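Undergrad: Just a sequence and a predicted model for now, questions to come.
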Amino acid sequence: MPSYKVENNSGRDKAVKVYGGLEVVKRGETKTLENATEMTEAQIESFASQGVKVSVEEKAKPASKRAAASKAKDDSKPETPKADQKE
């Protein structure tokens, strides 16, 4: 499912199709729609001709479990030798 940033600079509220119905973007409002249905170039151009800017938002890729585990390990305090231990 793509995510779209919708900037409504038109004089009217606009409805955008999302899974489960419609999402209204009021005039002068900017919304990020995470559950929008995929739009064609023609639909995006149609919105643009009405003063509504639609752009695709890139989602951050989730970190793998291994990368998250190594990051957590790197963030931990380094162990310091105790006074009674020999190096």
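TA: It's in. Numbers count the residues shown, from 1 in each chain.

Undergrad: now the nearest residue to Lys53 once chain neighbours are set aside, which residues is it bridged with?
TA: Distances taken as CB to CB, 6 or more residues apart in numbering place Glu7 nearest to Lys53, at 4.3 Å, with adjacent residues excluded. All C-beta spots, glycine's among them, are computed from the backbone N, C-alpha and C. For Glu7, the beta-bridge partners under DSSP bridges are Thr30, Lys53.

Undergrad: distance of Glu7 from Gly20?
TA: Plainly put, Glu7 is 23 Å away from Gly20 if you go by CB to CB, to the nearest Å.

Undergrad: neighbour count winner among those two?
TA: Glu7 (16 against 8; other CB atoms under 10 Å).

Undergrad: sec struct for the closest residue to Gly51 other than its chain neighbours, please.
TA: What sits nearest to Gly51 in space, not counting adjacent residues and going by CB to CB, 6+ apart, is Ser10, at 3.6 Å. Classification of Ser10 using DSSP: H, G, I helix; E, B strand; the rest coil returns coil.

Undergrad: what's the answer for Gln43, then?
TA: Per three-state DSSP, Gln43 ends up helix.

Undergrad: In contact with it, which residues?
TA: Val54 (CB atoms under 8 Å, 6 or more residues apart in numbering).

Undergrad: And it, how close does it get to Lys14?
TA: Going from Gln43 to Lys14 by CB to CB gives 12 Å.
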